[in-house]
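Asks: Sequence and predicted structure, then a few things I'm wondering about:
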Amino acid sequence: MESRILHLAKKLRQREITSRELTSQYFSAIKAYDSKIHAYVRLTEGLAMEAAEKADLALQKGDAVSPLAGIPMAIKDNMAIRGEETTCCSRILKGYKPTYDSTVWEKLSCMGAVLLGKANMDEFAMGSTCETSCFGPTYNPRNTDYVAGGSSGGSAAAVAAGTAVYALGSDTGGSIRQPAGFCGIVGLKPTYGAVSRYGLIAYASSLDQIGPLTATVKDAAIVFDAIKGHDPKDHTSRKDTSAAPVADRLKGAVKGKKIGIVKEYFENLGRDIKEAVHKALRYYESEGATLVEAELPVLRYAVPVYYILACAEASSNLGRYDGIRYGYRAEKYADINDMVMRTRSEGFGKEVQRRIMLGTYVLSSGYFDAYYKKAQLLRNQVIASFDEIFDKCDALVSPVAPRTAFPLNYASDNRIETYLSDIFTVPVNIAGIPAVSLPCGIDKNGLPIGMQLLGRQHGEETILDLAYAYEQSGRSGVLPPDMGVKL
Amino acid sequence: MKYEMIIGLETHVELATASKIFCGCPTAFGGAPNTHCCPVCTGEPGSLPVLNKKVLQYAVRAGLATNCEIARTTHMDRKNYVYPDLPKAYQISQFDEPICKNGRIVLENGRTIGITRIHMEEDAGKLVHEGNYTYVDYNRGGVPLIEIVSEPDLRSIEEVREYIETLQLIFRHIGVSDCRMQEGSMRCDVNISLRRFGEEKFGTRAEIKNMNSISFIEKAIAYEYARQAELLDNGEKVVQETRRFNESDGTTESMRGKEDAQDYRYFREPDILQIDIEEAFIEEIRAGLPELPPAKKKRYTEVLSVPATEASILVKYKNVADFFDAAVAAGASAKNVCNLIIGQIFRGFNTEEEKERFALPIRPAHLAELVILLDSGKITANIAKQTLEKMLSSGRSCMDFLSASDLASVDNSEVDKLCRESIAANPRAVADYLAGKEAALKALLGYVMKATRGKANATDVEEKLKNLVSGQ
């Protein structure tokens, strides 16, 4: 599969098409298909055409260095763009226009990126189906009876539907990788701190990480290269992220690589999924990789640890939405306390309220030691376990989720099952390591199956290269996006 | 008094850094509402805090100056509570790993007051009530604070005052804060309980919140002492609670009881990484610490022979002490510099703040130049005073004002001659002096001073007269 970004970048430079024309084509595709998919919650046409015009000028003058110049894309609705409504798909942020740009957008817009619009998401990124959005669900472009996954469902669906060349999402417990898996595209969750979180509206600060959702592995590498790097505005941003571009170094080198198989990652799996991932493992073996068996017993605690830590941080991060400074404010109230209470009760959806309450509970005095403190200790164990594994392996291969996309409205009746389906993705966030998800097969319902490659800290190049090899072998059987703009 | 008062203070001090604790906005006091603000100050969604390194330096400096241990690793925590002046609904503070702990300061009476801990945190914004509306100003939001928590070691109102004044003195001296209570850059919470003398166990304490003047603190403590004593006398119990001081009538009233105490749900601030403090960082700060007030006072009295009262006044104001030291270092006598500062220059300053600022149009070297002339007897005390007055109003050097005749020193033999003349001309005064009336010498002195038009050194002349009269 060819890089879509490089393909378009070439066309733009050879004047086969202008960025304005390309952007218009994408808006036409959005108008044609997005009523069925609902990947977008807001279009930024004015901003996009302006950016496209600027990109065209730069391309003409030969000033456009980045391959992303003039390329239309989407951003999840939880990243700040100055003056553009940003809501986290929550009623409580209705009308909120940031007074500043997130660092990722600052970087991309400097490179000439063209923003088509803000992508749908689970409210405050809390969900695995993109159904908790106050704007309604996103539908899976592969089969609209199913969800796109979440929380970055809109970002995944836009790329899978061909209504954006690439998109940015955020991943707190699998929110990039799982929707990418459900929609049959590529999603990269970078090392914690590799990409600045400045301007990413926080769900769980110690777990959140911005990353790309793309049609191909090379595209993921190109976007990652564009947004990574130390940011003095984010204290958790890492100074040791390599500046060398990963995209230029993808060779598909499998030979001699040690690929770990964690047996706990293959328990309680759907049969189709197990077979698809094993098939991929056999491919790596046939190409000269060594498969190494590994154990991660602490995986059984990963989901509770994740929900305790994420909800605890969320309960604090979401305390600021009180109707005083921005966003939604209840219409009727008796006094200030009443106003804050009503605003929050009316402004937050049920899932968000549930997680705020859970988080408040685990941080309360008397319960802190039993929950939060214990979860922190287990977090350290998860980190140590992965360290040990990556002493022996270059990467781990696992399914992205125990199942393929949920049917619509399934999650609200099967909440615990939905929470538990995060089991394979959350350990990556708990440990702060990178992981890339990519399609590796199709289930009996014709839905894409995703696998993920996990790497050590700053191991993006290794996992992307292995993913690139598999993708180039053409074995996944998942077709590239074909609904939207024909490339 | 059958009860002993047990007091511990929590003192909040605004640090004098130019920018805020987690962003680059200015900390300057005042300014139109919400003009010293950015997305970090107003807690805009997605904004992130970055710790100002200067705050860390100042906190370590404050810790070293109060004999604290400095942590090698520390971190920030979130203190969660809802109030409109707190835009993130949590204050970034420190909970279980403060930057400084186990310090102490020593009072004049020799008692040591333990400092449990010093931690760093951000200030909140300010609510302004006007008519039916309440407005919020976030200019102060994010101004760096340190909180100094004392052990319950204070035993009297006088000790409390001295403890607070000592903190002010030290922090001003090391430049970490101006500690102005009336501007809110220093505030205290007072924890007070009573116990019978001789008892070991502490009684139940009440906390009086947010006091912004020493005299209010004194009044509040006096009131609380009486209130708690009366309860204990009547066999009733003191309730653990938070109380508010009423400035109008000097009483305190209950704000909330222990059962309503807030659960702050402290947890580690995930947006700020662990802070590792290197030995070299601490040593650099230690090396840069100025001489602290207690040591300075000792040096003034013991090495420079400044009387204790004057030494206390000089060290009370850092700028004054610095000026004094510089003038003395330039060769002027400590005694005359001290006298001119306290006796003359201070008269131009009416408030404590003016003395603190000690804004003068002349430099220490200018004063030294004048004092050296005085020290060597080239000019008289009178002329020195008149000249200093002119220097202070013009900012010019003394040489611009001293005429040749001012500078013409009176010949020693001339003075001798005049002294003898004076004794001869005033036998009555001589007799009175010899009979024990010290004041009679003034008449003899007056004769000489008049004859030299005030240019003779009065002290020298007096000495000479005494010797001559006694030797007769």
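Replies: Done, it's in.

Asks: What residues of the helix or strand containing residue A:469 count as buried?
Replies: Secondary structure from DSSP states H and E places residue A:469 in helix A:460-473. Of the residues in helix A:460-473, A:460-472 count as buried by neighbour count, 16 or more other C-beta atoms under 10 Å in any protein chain shown. Yep, even glycine has a C-beta here, placed from its N, CA and C like the rest.

Asks: Distance check, residue B:418 against residue B:446.
Replies: 11 Å (C-beta to C-beta, to the nearest Å).

Asks: And for residue B:254?
Replies: Residue B:254 is 69 Å from residue B:446, by C-beta to C-beta.

Asks: neighbour count winner among the two?
Replies: Just comparing residue B:254 and residue B:446: by other C-beta atoms under 10 Å in any protein chain shown the higher neighbour count belongs to residue B:446, 14 against 11.

Asks: and that one, that's in a helix?
Replies: Yes: under DSSP: H, G, I helix; E, B strand; the rest coil, residue B:446 falls within a helix.

Asks: gap between it and residue B:464?
Replies: 14 Å.

Asks: same check, this time on residue B:261
Replies: Residue B:261 sits 75 Å away from residue B:464, taking C-beta to C-beta as the criterion.

Asks: More neighbours: those two, which one.
Replies: A count of neighbours by other C-beta under 10 Å puts residue B:464 above the other of residue B:261 and residue B:464, at 21 against 12.

Asks: Which strands or helices does the helix or strand containing that one pack on?
Replies: Element membership for residue B:464 (DSSP H and E) is helix B:458-471. On a contact count with 3 or more C-beta pairs under 8 Å, 6 or more residues apart in numbering or on different chains; DSSP states H and E, helix B:458-471 meets helix B:412-425, helix B:427-434, helix B:441-451.

Asks: Try it again at 10 Å.
Replies: The contact analysis (3 or more C-beta pairs under 10 Å, 6 or more residues apart in numbering or on different chains; DSSP states H and E) places helix B:458-471 against helix B:381-394, helix B:412-425, helix B:427-434, helix B:441-451.

Asks: Let me see the residues that make contact with the last one.
Replies: Yep, that's helix B:441-451 we're talking about. Residues outside helix B:441-451 that contact it (C-beta atoms under 10 Å, 6 or more residues apart in numbering or on different chains): B:380, B:382, B:410, B:414-415, B:417-423, B:425-426, B:428-430, B:432-433, B:455-462, B:464-466, B:468-469.

Asks: quick check: angle from that helix to helix B:381-394?
Replies: 60 degrees (axes from the mean of the first three to the mean of the last three C-alpha atoms, to 10 degrees).

Asks: what's the least confident helix or strand in the chain, going by average pLDDT?
Replies: Going with chain A. helix A:415-420 (a mean of 91; mean pLDDT, DSSP states H and E).

Asks: wrong chain, I was asking about chain B
Replies: helix B:404-407 (a mean of 70).

Asks: residue contacts, residue 269?
Replies: No chain in the question, so chain A it is. A:275, A:276, A:277, A:398, A:399, A:401, A:402, A:403, A:424.

Asks: that's the other chain; I wanted chain B
Replies: Residue B:269 neighbours (C-beta under 10 Å, 6+ apart): A:205-206, A:235, A:313, A:316, B:49, B:51, B:75-79, B:90, B:92-95.

Asks: With adjacent residues omitted, what lies nearest to it?
Replies: residue B:76 (4.1 Å; C-beta to C-beta, 6 or more residues apart in numbering or on different chains).

Asks: how close does the one you found get to residue B:50?
Replies: Here the distance between residue B:76 and residue B:50 works out to 11 Å (C-beta to C-beta).

Asks: tell me the contacts of the most centrally placed residue in chain B?
Replies: Nearest residue to the geometric centre of chain B (C-alpha atoms, centre = their mean): residue B:169, 3.0 Å. Shown in contact with residue B:169 (C-beta under 10 Å, 6+ apart): B:105, B:162, B:179, B:292-294, B:296-297, B:312, B:315-318.

Asks: so where's the chain shaky on pLDDT?
Replies: Chain wasn't specified; assuming chain A. A:487 (pLDDT under 70).

Asks: Actually, chain B is the one I wanted.
Replies: Using pLDDT under 70, chain B drops low at B:404-405, B:408-410, B:472.

Asks: tell me which parts of the stretch 51-200 of chain B are close to chain A?
Replies: Contact residues (C-beta under 10 Å from any C-beta of the partner chain) of the stretch 51-200 of chain B with chain A: B:51, B:76, B:78-90, B:134, B:136, B:138.

Asks: Can you turn the buried part of the residues you listed into a PyMOL selection?
Replies: The buried residues among those can be selected in PyMOL (16+ other C-beta under 10 Å) with this line:
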select buried, chain B and resi 51+76+78+79+80+82+84+85+86+87+88+89+90+136+138
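
Asks: Surely residue B:202 is in contact with residue B:193?
Replies: Yes: in this structure residue B:202 lies within contact range of residue B:193 using C-beta atoms under 10 Å: 5.5 Å.

Asks: Buried residues, stretch B:445-458. List them.
Replies: B:445, B:447, B:448, B:449, B:451, B:452, B:455, B:456, B:457, B:458.

Asks: same question, stretch B:384-399
Replies: B:384, B:385, B:387, B:388, B:391, B:392, B:397, B:398.

Asks: ok, now how distant is the first one from chain A?
Replies: Think residue B:384. For residue B:384, the distance to chain A equals 56 Å [C-beta to the nearest C-beta, to the nearest Å].

Asks: Please give me every residue in contact with that residue.
Replies: Counting by C-beta under 10 Å, 6+ apart, residue B:384 makes contact with B:336, B:339-340, B:344, B:370-371, B:373-375, B:378, B:398, B:402, B:406.

Asks: try 7 Å this time
Replies: Residues near residue B:384 by C-beta atoms under 7 Å, 6 or more residues apart in numbering or on different chains: B:370, B:374.

Asks: Repeat that for the second one.
Replies: For residue B:385, the contacting residues are residue B:344, by C-beta under 7 Å, 6+ apart.

Asks: one more time with 10 Å
Replies: Applying C-beta under 10 Å, 6+ apart to residue B:385 gives the contacts B:339, B:340, B:343, B:344, B:370, B:374, B:379.

Asks: And for the fourth one?
Replies: Shown here is residue B:388, whose contacts under the criterion C-beta under 10 Å, 6+ apart are B:340, B:341, B:344, B:345, B:362, B:366, B:367, B:370, B:371, B:374, B:398, B:401.
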